[in-house]
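Trainee: Here you go, sequence then predicted model.
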Amino acid sequence: PPASLYAYECVLQGNALYWDDPEGAAEATRLFERAVEIDPAYGLAHALLATMKRQKWRDEPGSSAALLDESYQLAMRAVELDDSESTCHSLLAQVCLYRRSFDLALEHMQRSMALNPNNQWNVADMGLILSYSGRADEAMAWNARARQIDPYFDQPWYWRQFGLTCMVLGRYQEALNLFARHPVRKHYIAAYMAGCHARLGDME
């Protein structure tokens with residue numbers, strides 16, 4: 001557990017923000033940095049800060065790998081500090097995915113599931129890892145499982161990655177319907193939607 005309730009509060013506040021909004025992402029990053037500063041042994045705070053660095057790298061096309069490398073170091077440190085926290089392994093798995101370390105991503109995702117098989121966030125993340133690992137059919141079941149665990153699970157990133165799984169499987173109209181549920185159409189979502197329309201013959 002965190003050594004400081006203030007650090008814990010920073011994590012709760014940062015995790016409640018909308019990360020796809022630039023202001024929300026900046027404030028969440030500040031809060032997670034503050035949590036790490038207050039409690040340098042707080043594993044989950046390191047993992048969440050790693051996620052913000054990875055997201056910034058993803059959202060800035062053409063940037064160097066420095067942010068992704070920093071994200072990886074933070075995520076690795078998170079697991080070193082708290083190997084029993086399932087979300088630390090789940091978030092490390094995502095960083096490994098972007099580094100194209102697919103086997104390592106799956107290894108940490110499986111570790112996350114072994115620790116807490118009923119965490120709907122991490123169950124949905126398993127769907128993401130499998131989609132990028134050439135196992136999209138299996139990913140569909142994990143995506144559905146997240147909503148079975150929590151019928152009110154409605155995170156924007158969930159619909160984005162569920163749509164991506166459908167796209168990989170050639171289910172383009174389903175993918176478009178899922179992408180449409182995302183409140184912010186970032187560049188990569190627009191690209192996915194354009195690809196789906198093209199596959200459906202809707203070139204306009």
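Mentor: That came in fine, so what should we check first?
Trainee: what's next to stretch 87-95, contact-wise?
Mentor: Residues outside stretch 87-95 that contact it (Cβ atoms under 8 Å, 6 or more residues apart in numbering): 43-44, 46-48, 50-51, 54, 68, 71-72, 75-76, 78-79, 81-82, 104-109, 111-112, 115, 119, 121-122, 125, 128-129. The way it works is simple: take the backbone N, C-alpha and C, and place the C-beta from them, glycine included.
Trainee: In helices only, show me those residues.
Mentor: Secondary-structure check on these using DSSP state H: residues within helices are 43-44, 46-48, 50-51, 54, 68, 71-72, 75-76, 78-79, 81, 104-109, 111-112, 115, 121-122, 125, 128-129.
Trainee: Under a three-state scheme, what state does H182 occupy?
Mentor: coil (DSSP: H, G, I helix; E, B strand; the rest coil).
Trainee: distance between stretch 8-16 and the chain's centre?
Mentor: Taking Cα atoms, centre = their mean, to the nearest Å, one finds stretch 8-16 lying 17 Å from the centre of the chain it belongs to.
Trainee: CA atoms of that stretch as CSV?
Mentor: Extracted C-alpha coordinates of stretch 8-16, given in CSV (Å, rounded to 0.1, in the frame of the first residue of the first chain):
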residue,chain,number,x,y,z
TYR,A,8,-2.9,7.9,-2.8
GLU,A,9,-5.2,10.8,-3.2
CYS,A,10,-3.1,12.2,-6.1
VAL,A,11,-3.4,8.8,-7.8
LEU,A,12,-7.2,8.7,-7.4
GLN,A,13,-7.6,12.3,-8.7
GLY,A,14,-5.3,11.7,-11.6
ASN,A,15,-7.0,8.4,-12.5
ALA,A,16,-10.4,10.1,-12.5
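Trainee: For that stretch, buried residues please.
Mentor: Taking 16 or more other Cβ atoms under 10 Å as the basis for neighbour counts, the residues of stretch 8-16 that come out buried are Y8, C10, V11, G14, N15.
Trainee: could you dump these to a markdown table with distance to G163?
Mentor: As requested, the buried residues of stretch 8-16 are exported to a markdown table (distance: Cβ to Cβ, whole Å):
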| residue | distance to G163 |
| --- | --- |
| Y8 | 33 |
| C10 | 32 |
| V11 | 29 |
| G14 | 26 |
| N15 | 23 |
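Trainee: now those residues in a markdown table, with distance to V36 and pLDDT?
Mentor: As requested, those are arranged in a markdown table below (distance: Cβ to Cβ, whole Å; pLDDT from 0 to 100):
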| residue | distance to V36 | pLDDT |
| --- | --- | --- |
| Y8 | 12 | 97 |
| C10 | 9 | 98 |
| V11 | 10 | 97 |
| G14 | 11 | 97 |
| N15 | 14 | 93 |
